[in-house]
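**Q** Dropping a prediction and its sequence here:
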Amino acid sequence: MNFLNDKILINQIDNVAISGLTTQLISFCVNDIYKRNNKNILIVTNSLYEANIYYSSISKLNNNVYLFPMDDFLTSESLAISPELKSIRVNTLNELSENDHNIVITNLMGFLRYLPSKKLWMDSKIILKKDTEVNKDELFRKLLSIGYVSDTIVNKTGEVSNRGYILDVFSSNNDNPIRIEFWGDTIDSIRYFDVESQRSLEEINECEIRPYSEFINEKMIEDIPDYQKYLPYVVNEVSSLLSYVDDPLMIYKDYNQIKKSYKRLREEIFEYSSSKEEEYKTEYMHDFSSLEQNNNNIYLMTIDNVIDIKSINKTYNYSSRLPEKFESNFKYLNEYLEKQLYSNKIVIIALSDESKLKNIEKYLTVSTILTNENDLSKGKVNIINSNLDEGFEFDNYVVLTENELFKNRDKKTNYKNKFKYGSKIKDIDNLKVGDYVVHLNHGIGMYTGIKTLTKNGNKKDYIEVSYKDNDKLYIPVEKIDLITKYSSNEGVVPRLNKLGGSEWQKTKLRVKNKVKDIADKLIKISAERKLQKGFAFKKDDELSKEFDSEFKYEPTVDQYIAIERIKSAMEKEYPMDMLLCGDVGYGKTEVAFRAMFKAVNSGKQVAYLCPTTILSSQQYKSALERFGNYGINIALLNRFTSVKEANEIKDKLVNGKIDIIFGTHKLLNNSIKYKDLGLLVIDEEQRFGVTHKEKIKEMKSSIDVLTLSATPIPRTLQMSLVGIRDLSLIETPPVNRYPVQTYVTEENPSIIREAIYKEMSRNGQIFILYNSVEHIDEKLSELKRLIPEADIRVAHGQMNKGQIEDTMISFTNNEFDILLCTTIIETGIDIPNVNTLIIYNADRFGLSQLYQIRGRVGRSNKIAYAYLLYTPNKTLSDNAVKRLNAIKEFTELGSGFQIAMRDLSIRGAGDILGTEQAGFIDSVGYELYVKILNDEVDRLKGIKTKEEIKEEEKSLIEVENHIKDEYTSDESLKIELHKKINEIDSYEKLDEVRREIEDRFGKIDSEMDVYMYSELFEKQAKELNINTVNQTNLYVELVLENELINKIPVDKLFMEANAISTRFKFEYKNDRLYIKLMTNGLDKHFVYYLTELLSKIKDMIV
């Protein structure tokens, strides 16, 4: 802000101290110093929390600001860590190595971190050009040495895949991964590809690949763990962040606090290293004093006003303070503004966007002027467009921002994070040895791998499945669609079926009969609903548009689609029955509020039904704020409503004096009557009891209903519900939400203590999940000894509902610090002040549970932390090891999400079809269950369904279908390739599959080409009803039945066959046509001639 330039003028920068400024004023001050001095600035804060606050504030004033964030010491030693901080650090080093004159903000741990030298970082950059000579395997090794991780498919930043003639890599400086195709040692082509489809996007002539780890293995030492503490063993020169900012101006925020923290850190390191057997001796990080410089230091004092440094040349003392917070109390705000104007202050309201500038004036009773920071007036409130994190009172100025004016203001910081991942996770349906599979005809078995067998001189791939009593079934890869991966409700272990037994057929029949009932019921309900006369709500008018425009954020694409779909359904003549699914925090409430506004605007009342008191209170508060400008009467009815208030509410509902009523199951009481109820919104219907569900069913019959669910509905199930149940899905996460920093680590009292103190130091609260009611009191005593200052309370499932809700409400109101509880926190609670989650024995939880529990934190503008602990030195079961590995993956925002989504989808299927379905789903596996349901729904709708594949149908011709290791040695990728080839049913599809395989794996050889054509031949023959083919070493013979012969001109066919090859021979006997192709001496494989012939036959059919 230019008017501050002469008020805060730091004209000396060599060893000076500054005190008395708020964070926002410090940001202006730093930016001013940056502009007036041609030097890099390095700001060191005590904690990551402070570094983030300064980054948020200064980056709004200057584009050359970078964050170098580092975890605390103990968490940095975790088994697995979220990749976002690493990704931000790597991006910062890349920017610093290429651009000069920057502001870098780091915390103490980042400042002390071992780093490779700036020269090594720059030299590690790889530039590749088309048509140049590069050894592919050497390039692969080099990529591993600069931090890339090898995987079968590149799915996220920092991965590399080496297969066939292709090398895929996802560099942090690109939005899409890069595919490099080799011909020998020559780069044949370089192209970007899409991470979702794995298909190429566009060809480029050259690419740059930057390092993806601060651990650069310069000496190529093998088998050394890539922990930064071991960096001195693998590089020739160990450096620090200082070397990337060349002789910077150092700014320490609260130097005394940094020194105290450093002392504690060294004690922590000593304690930790004494209890650990390190493979390599290490100092872990730099010594603080070795990084201090004698000149060019500025000491910001915000906590201390005295500093223990002798060489300070000058101290700048200022006086400023934070203004009061008004939280949308405009009466109080107007009184405050009048007082400030009366005191002759220059008053400024700084707002970040145009709509807020226009809106604020209607709440102010004082004189205002819309202006800019260069043209300020006294005696009026100056309203300007400026994006600041907080206001201040300084000198003769009072500045207010959204932070002070409104409730729940989200500070949006655009983190320069280049980490990207695909939403299709490669593990999701890939078969791994040991996975359960469902064979359509033989039932549940265990996949034991791909086996290559030689049959009549041809190498053929088979899928080996093991059944009860270790019986083996070998399924030819061309029949791969007979099996699906078995998935069921989390934790269910299926029983293997017996080969040749009747048990599987009985199970299938039982499920089919049950599914038939469900499908009948669903279609009947849907048909009845469409026959009923409902209320057609009026189309959106100007008022509705104004209400929509007041939403604080830009809705996601999915939100827009859901809003449109719901409003359109409300405008129809018959009652709406809409299910809105979306993950926690994805914006379902806003969609519901817009539907509610539409209802009230059409003169109808709305009832909003919640499963818990706490949720009803939260949604009620949100509605008061969101509908505040429209004179809508909103009431709340739950167990905290007094009898007197409840009676008043009942009267007002009958008389139409209440427009929207929020409440728990109390709204389902027979004594509740409405004047004109038009819309019922139900939050998490599956959480209501049977009696309540029956009552809801009664209410649903004639009014519009919108049901909200945080459990996703699987796409396959969405298909079967098309036209039966209206569905809207919100699958896009909100923009720029900072991912929850997740650590998987051994249980350690120091980590727990540090995590809790770190949260309490920023006035936050903590969830601790300990899922044993029996021992929870012992855990409470243990935690009280560990953190005596903390106020800790307990909540668990054996307490009565009222006690749990009272505890939760106290926690929501910030009355205590830590809630120690069992999994009851899993469901819909929104407490923005809780941003640390500690889970004991995380290896005992399922992924979907962990996913939902983790969704309880990270609901505000603060970085949230989740610590997933497992018992140290415990011998883990195979399943727990599998789960821990999955949880390690889960530290990334996207990966665990997809796996959890599948588990949750299965639960979602149970919710939508009725919980009694769970057993049936488990008995045949989810995929087959949904296939049976889809077939049944299609049958009832009169759509012809695909016949079940008969297993005894053998392939008509014998060709080699083995996929060589040259393409890929990974079995799951081989299965994917077989599945792709199995899809070939036309020349167009063959070309499409060929292009995809060549794109993803490199040039295909003649054996693979023949295999693809053989699949086309099988589909062509089936379509023409050719069921007999005789094959010997000398010929291949097709047998055409009379039915087909009568449809084609045989003489013309003879001519066409002869044009294809003179080696075709025709013979007619026993009402059949025998077409023989002599195979010796052919120019190419016989399959090419046969597919061409069948194509001609198809064209001739009359």
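**A** On my side now, so go ahead.
**Q** Name the spans of the protein whose pLDDT lies under the cut-off.
**A** 407-430, 489-491, 711-725, 732-738, 824-829, 847-848, 861, 873-919, 944-953, 1102 (pLDDT under 70).
**Q** domain ranges for it?
**A** Using automatic domain parsing, the domain parsing of the chain gives 2-117+237-319, 125-210, 322-405, 436-502, 532-730, 741-892, 983-1100.
**Q** would you list the ones you listed in TSV and tack on mean neighbour count and distance to Lys974?
**A** Quick note: C-beta positions are derived from backbone N, CA and C, even for glycine. Converted to TSV, those look like this (neighbours: other C-beta atoms under 10 Å; distance: least, C-beta to C-beta, whole Å):
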stretch	mean neighbour count	distance to Lys974
domain 2-117+237-319	18	29
domain 125-210	18	10
domain 322-405	17	53
domain 436-502	17	6
domain 532-730	18	25
domain 741-892	18	22
domain 983-1100	16	11
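**Q** Out of the ones you listed, which gets nearest to Val924?
**A** Val924 sits nearest to domain 436-502 of all the domains of the chain, at 6.5 Å, using C-beta to C-beta.
**Q** How far does that closest one sit from its chain's centre?
**A** When C-alpha coordinates are averaged (C-alpha atoms, centre = their mean, to the nearest Å), domain 436-502 and its chain have centres 32 Å apart.
**Q** cool, stretch 569-578 as well?
**A** Its chain's C-alpha centre and that of stretch 569-578 lie 32 Å apart, by C-alpha atoms, centre = their mean.
**Q** which outside residues touch that stretch?
**A** The contact list for stretch 569-578, computed with C-beta atoms under 8 Å, 6 or more residues apart in numbering, reads 529-539, 565-566, 595, 598-599, 679, 700-707, 725-728.
**Q** can you check stretch 1068-1087 too?
**A** 957, 959, 1006, 1010, 1013-1014, 1017, 1033-1042, 1045, 1050, 1057, 1061, 1063-1067, 1089-1090, 1093.
**Q** Out of these, name the ones that lie in helices.
**A** Judged by DSSP state H, helices contain the following of those: Ser1006, Val1010, Tyr1013, Ser1014, Phe1017, Asn1042, Ile1045, Val1050, Ala1057, Tyr1089, Leu1090, Leu1093.
**Q** Closest one of the residues you listed to Thr371?
**A** Tyr1013 (74.6 Å).
**Q** Spatially nearest residue to the closest one, not counting backbone neighbours?
**A** Val1087 (4.5 Å; C-beta to C-beta, 6 or more residues apart in numbering).
**Q** can you tell me how far that neighbour sits from Arg1072?
**A** Using C-beta to C-beta, to the nearest Å, we find Val1087 at a distance of 22 Å from Arg1072.
**Q** mind listing what's buried in the longest helix anywhere in the chain?
**A** If you go by DSSP H, the chain has its longest helix at helix 503-531. Neighbour-count burial for helix 503-531 flags Trp504, Thr507, Lys508, Val511, Lys514, Val515, Ile518, Ala519, Leu522, Ile523, Arg529 (criterion: 16 or more other C-beta atoms under 10 Å).
**Q** now the helix or strand just after it: how far from the chain's centre is it?
**A** Using DSSP states H and E, the helix or strand that follows helix 503-531 in sequence is helix 542-549. Centroid separation between helix 542-549 and its chain, computed with C-alpha atoms, centre = their mean, is 31 Å.
**Q** helices and strands around helix 542-549, which ones?
**A** If contacts are counted by 3 or more C-beta pairs under 8 Å, 6 or more residues apart in numbering; DSSP states H and E, helix 542-549 sits against helix 588-601.
**Q** Is Thr454 in a helix, a strand, or coil?
**A** Three-state assignment for Thr454 (DSSP: H, G, I helix; E, B strand; the rest coil): strand.
**Q** Next one: Thr282 relative to Asp71, how far apart?
**A** Thr282 is 17 Å from Asp71, where distance means C-beta to C-beta.
**Q** cool, Leu1040 as well?
**A** 72 Å.
**Q** likewise Tyr474?
**A** Counting by C-beta to C-beta - Tyr474 and Asp71 are separated by 50 Å.
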